[in-house]
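Participant: Here you go, sequence then predicted model.
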Amino acid sequence: KRHNKRKTRKRTKRTTMSRRNTKIWIGNLPRDIHRDELRDKFEKYGNVRGVEVKYDYAFLEYDHYKDAEDAVYQLDGRHMFGGRVKVELAIGKEQRTKRGSTRIRGPST
C-alpha cells in the first residue's frame, strides 16, 4: 500500500480506458525550459522514464500509468515556470487519426 499525500479520485470509465498511457503532454512552457527542471518537478509523482522538450511544450513519460494520471490531476492548470501550465495525457498518433485531423485545410483547387 502506498502512503503519500496524493489526492485520490474516483475511477471513471474515461480514466480506466487510459490505463496504458504513461506519457503526458505539458503545454504553455517557457522556450528556455530545460528537461532537468521538468524532471525535478514531475518526479514526485513517480519515476520519470524520459523527457522530450519541444518548442513551448514537452512530453514526459512515467514508468506507470497511475503516476501519469496523478501528475495530470495534480498539476494541470497550476502556476509553474512563470505561467499556468497545461498537463494532459498524451494522445498517440493512432488515436489522433481516429479522431480526425485538426489541421485547417484551405479550399480545394
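Facilitator: Here it is on my side, so go on.
Participant: Residue 47: what's it in contact with?
Facilitator: 62, 63, 64, 67 (Cβ atoms under 8 Å, 6 or more residues apart in numbering). Yep, even glycine has a C-beta here, placed from its N, CA and C like the rest.
Participant: Using TSV, lay out those residues together with distance to residue 33.
Facilitator: Output for the contacts of residue 47, formatted as TSV (distance: Cβ to Cβ, whole Å):
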residue	distance to residue 33
62	18
63	22
64	24
67	21
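Participant: which one of those residues is nearest residue 45?
Facilitator: Distances from residue 45 to these, taken as Cβ to Cβ, are shortest for residue 67 (5.1 Å).
Participant: Can you check the pLDDT for that closest one?
Facilitator: The score at residue 67 is 97. That number is its pLDDT.
Participant: Can you name the residues that contact it?
Facilitator: Residue 67 neighbours (Cβ under 8 Å, 6+ apart): 22, 45, 46, 47.
Participant: My read is that the second one contacts residue 62, right?
Facilitator: Think residue 45. Yes - the pair residue 45 / residue 62 is scored as a contact, 7.3 Å apart, by Cβ atoms under 8 Å.
Participant: shared neighbours of these two, which are they?
Facilitator: Joint contacts of residue 45 and residue 62 (Cβ under 8 Å, 6+ apart) are 68, 71.
Participant: dump the residue contacts of residue 26.
Facilitator: Going by Cβ under 8 Å, 6+ apart, the list of residues near residue 26 reads 38, 57, 58, 59, 60, 85, 86, 87.
Participant: Can you identify each of the helices in the chain by residue range?
Facilitator: Using DSSP state H, the helices of the chain run over residues 13-17, 35-42, 65-75, 93-99.
Participant: Lowest average pLDDT across the ones you listed?
Facilitator: Confidence, taken as mean pLDDT, is least for helix 13-17 of the helices of the chain (a mean of 44).
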